[in-house]
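Visitor: predicted model, plus sequence, below.
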Amino acid sequence: MKKVIAKAGFIGFGEVNTPREFIDGRCKQAADELRKRGVELVWTDPVSDDPAGAQADRAAAELRNADFDAVVVCVAGWIPSWAVVRAIEPFKHKPLLLWGLSGWRDGDHFVTTADQAGTTALRAPLREMGFKVKYLVNFKDSEPRYDEAVTYLRAVSAAAALRRDRIGMAGYRDMNLYGTLYDGTRLRGQLGVEIEHFDLLEIAELEKEVVTSELKTTAAAIRKAWSFVRDPKPGTVENSVRLALAFKRKIEDRGYNCFSFCDVDGVKRLLKFAPAGALTLLHELLDVPSVPENDCYGAVTELIVKHLTGVTPAYLEFYEFTAESALMGVPDYVPGNVVKGKITVMPNAFGSFGEGLLNVSKLKTGEVTMARLGMSGGEFVLHAVTARAVTPEKWEEAGWAPPAPQLPSLEMKFDVPSEFFLEQVLGQHYIISYGDNLDLLREFCRVTGVKFIG
């Protein structure tokens with residue numbers, strides 16, 4: 001699992017008359033705890049309110065040219081507000097964590113440095129001045145709120161990363177669907193991510209440039225690494241490899257962070273085979289999330305989830321509901337990191353499409369978070385719930401050449417009644433990550449102004 005890294009500048013504060021050891025040691029401990037949890041910090045020594053403001057100026061200068069996404073204002077004692085504002089003014093454009101520490105027990109009594117006198121004096125003025133403030137205080141005689149601080153910093157860094165991202169989109173509006181469309185201006189303006197479209201003709205041309213030796217080597221490698229339910233027809237494996245290598249070249253040439261493509265009306269209709277094997281291989285070659293059918297907001301959701309969790313997520317599609325659960329599967333591919341055991345493929349055809357390598361792997365079970373970004377009433381919303389993913393009963397999707405495959409699938413036992421989920425559902429594709437990631441998604445929504453629906 002990739003370690004999630006958030007980047008922050010860290011400035012501690014305490015009043016000039018407070019013994020310095022009470023400020024320095026507690027600020028260092030807080031910083032160390034953030035680092036243990038994956039936060040990369042730019043550190044500057046704590047600041048007090050010396051009359052000339054030299055310490056505030058020193059901290060600002062030390063952080064001014066550093067690379068970070070948020071500022072941690074760690075208040076370890078009473079501090080006149082002007083000293084804090086002077087130190088952080090150059091970073092007004094960055095999100096800010098106003099974090100008040102707490103005192104400690106000394107024998108039979110409690111000792112405080114009036115940390116929350118400092119934070120309560122700052123919260124309202126900072127917001128009135130236009131700072132983007134997340135306010136957090138440690139509670140007396142309770143565990144420090146390190147994890148909550150990290151959740152916020154991870155959300156901020158995820159939002160910053162998204163503003164640098166670009167999604168590659170081969171074609172547009174597969175099957176003339178409405179739920180996969182997007183508002184490009186709103187998306188770029190609010191979340192910063194860019195979607196770049198190109199034609200499948202580019203991929204067809206790149207396929208012609210695939211070197212025969214690379215094609216043979218890669219085909220031989222997947223024949224050895226994957227489990228084949230039965231032998232494919234001549235050329236089936238090579239078709240998938242050739243398409244995967246063409247997609248890979250386009251993604252690397254343009255530096256795409258995520259990828260989607262015209263599937264049914266594109267690859268299947270024009271290239272005459274199902275691209276599931278190609279996308280399965282693509283996930284083996286590149287750690288880039290993908291979703292089919294030109295699902296624009298599905299692709300953005302994948303990037304959000306990947307930046308928050310550090311792991312490339314999978315998409316799943318709804319097939320059936322019970323009063324408490326949903327049967328979700330994919331009629332094509334999943335990334336290898338969600339597969340239980342060996343990647344398993346079945347050469348098969350669907351309807352009028354030619355034979356491709358259908359991914360029929362078993363999926364990991366356990367606690368999952370299901371999420372999707374969408375538009376509702378002219379604003380961005382993100383719908384997310386947790387569920388317990390279990391192996392479903394034996395089932396099949398009608399239309400596959402017999403014997404019908406058991407698609408990669410899970411039964412999602414919701415933590416809420418299905419009716420609650422269905423009242424908010426935003427599309428046929430939801431993005432799946434393992435574990436409970438709701439707090440991360442909520443915090444991301446607060447940071448970016450997206451409405452969270454749970």
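Guide: On my side now, so go ahead.

Visitor: use CA for all of it now, contacts and neighbours both
Guide: OK.

Visitor: pLDDT score for Thr217?
Guide: Predicted confidence (pLDDT) at Thr217: the value is 96.

Visitor: an error on my part: the question was meant for Ala349.
Guide: Ala349 carries a pLDDT score of 71 in this model.

Visitor: what of Ser352?
Guide: Per-residue confidence for Ser352 comes out at a pLDDT of 58.

Visitor: over to Pro402?
Guide: pLDDT, Pro402: 78.

Visitor: same deal with Lys2?
Guide: pLDDT recorded at Lys2 is 49.

Visitor: before we move on, what about Ala398?
Guide: Confidence per residue is given as pLDDT, and for Ala398 that number is 86.

Visitor: for whichever helix or strand Pro125 is part of, C-alpha coordinates in PDB please.
Guide: Under the assignment given by DSSP states H and E, the secondary-structure element containing Pro125 is helix 115-128. Backbone C-alpha positions of helix 115-128 (Å, rounded to 0.1, in the frame of the first residue of the first chain) are rendered in PDB as follows:
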ATOM      1  CA  ASP A 115      -3.800  27.300  24.800                       C
ATOM      2  CA  GLN A 116      -7.500  27.900  24.200                       C
ATOM      3  CA  ALA A 117      -7.300  31.500  25.200                       C
ATOM      4  CA  GLY A 118      -5.000  31.800  22.200                       C
ATOM      5  CA  THR A 119      -7.200  29.800  19.800                       C
ATOM      6  CA  THR A 120     -10.500  31.400  20.800                       C
ATOM      7  CA  ALA A 121      -9.000  34.800  20.300                       C
ATOM      8  CA  LEU A 122      -7.900  33.800  16.800                       C
ATOM      9  CA  ARG A 123     -10.700  31.800  15.300                       C
ATOM     10  CA  ALA A 124     -13.200  34.600  14.400                       C
ATOM     11  CA  PRO A 125     -10.700  37.300  13.500                       C
ATOM     12  CA  LEU A 126      -8.800  34.900  11.100                       C
ATOM     13  CA  ARG A 127     -12.100  34.000   9.300                       C
ATOM     14  CA  GLU A 128     -13.100  37.600   9.100                       C
END
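
Visitor: report the buried residues of that helix.
Guide: Neighbour-count burial for helix 115-128, counted by 16 or more other CA atoms under 10 Å, picks out Asp115, Gln116, Gly118, Thr119, Thr120, Leu122, Arg123, Leu126.

Visitor: from Phe380, how far off is the nearest residue to the first one once chain neighbours are set aside?
Guide: Right, the one you point to is Asp115. Nearest non-adjacent residue to Asp115, counting by CA to CA, 6 or more residues apart in numbering: Gly77, 3.9 Å away. Per CA to CA, to the nearest Å, Gly77 is found 39 Å from Phe380.

Visitor: neighbour-wise, which of the two wins?
Guide: Gly77 (28 against 20; other CA atoms under 10 Å).

Visitor: backbone dihedrals for the more buried one, please?
Guide: The main-chain torsion angles of Gly77 are listed as degrees, to the nearest 10 and equal phi 170, psi 170.

Visitor: same check, this time on the one 10 residues further on
Guide: Main-chain dihedrals, Ala87, degrees, to the nearest 10: phi -70, psi -30.

Visitor: contacts only, for it.
Guide: Ala56, Asp57, Ala59, Ala60 (CA atoms under 8 Å, 6 or more residues apart in numbering).

Visitor: Thr391 contacts Glu411, correct?
Guide: Yes: taking CA atoms under 8 Å as the definition, Thr391 is a contact partner of Glu411 at 6.1 Å.

Visitor: what about those two, which has more around it?
Guide: Neighbours were tallied for Thr391 and for Glu411 using other CA under 10 Å; the higher tally belongs to Glu411 (22 against 16).

Visitor: give me the element that one is part of.
Guide: When elements are defined using DSSP H and E, Glu411 is found to belong to strand 409-414.

Visitor: and the next element down the chain from that strand?
Guide: For strand 409-414, the succeeding helix or strand toward the C-terminus, using DSSP H and E, is helix 418-422.

Visitor: packing partners of the helix or strand that comes right after that next one?
Guide: For helix 418-422, the succeeding helix or strand toward the C-terminus, using DSSP H and E, is strand 429-434. With contacts taken as 3 or more CA pairs under 8 Å, 6 or more residues apart in numbering; DSSP states H and E, strand 429-434 sits against helix 296-309, strand 314-321, strand 366-376.

Visitor: strand 429-434: what's the following helix or strand?
Guide: With DSSP H and E, the next secondary element past strand 429-434 is helix 438-448.

Visitor: immediately after the longest helix belonging to the chain, which helix or strand?
Guide: With DSSP state H applied, the helix covering the greatest number of residues in the chain is identified as helix 236-254. For helix 236-254, the following helix or strand on the C-terminal side (DSSP H and E) is strand 258-261.

Visitor: check which element follows that next one along the chain.
Guide: Past strand 258-261, the next helix or strand by DSSP H and E is helix 276-285.

Visitor: about what we covered before: so what's the residue nearest to Asp115 up against?
Guide: When contacts are counted by CA under 8 Å, 6+ apart, Gly77 touches 13-15, 18, 23, 101, 112-118.

Visitor: nearest to Arg269 among those residues?
Guide: Checking these against Arg269 by CA to CA gives Leu101 as the nearest, at 61.1 Å.

Visitor: pretty sure that closest one sits against Val75.
Guide: Yes: if you go by CA under 8 Å, Leu101 and Val75 touch, sitting 6.2 Å apart.

Visitor: per-residue confidence at the nearest residue to Asp332 once chain neighbours are set aside?
Guide: The spatially closest residue to Asp332, leaving aside those adjacent along the chain, is Ala276, at 4.5 Å (CA to CA, 6+ apart). Note on Ala276: pLDDT of 92.

Visitor: name the SS class of the residue nearest to Ile453 when sequence neighbours are not counted, please.
Guide: Using CA to CA, 6+ apart and skipping the chain neighbours, the partner closest in space to Ile453 is His383 (4.6 Å). What DSSP: H, G, I helix; E, B strand; the rest coil gives for His383 is strand.
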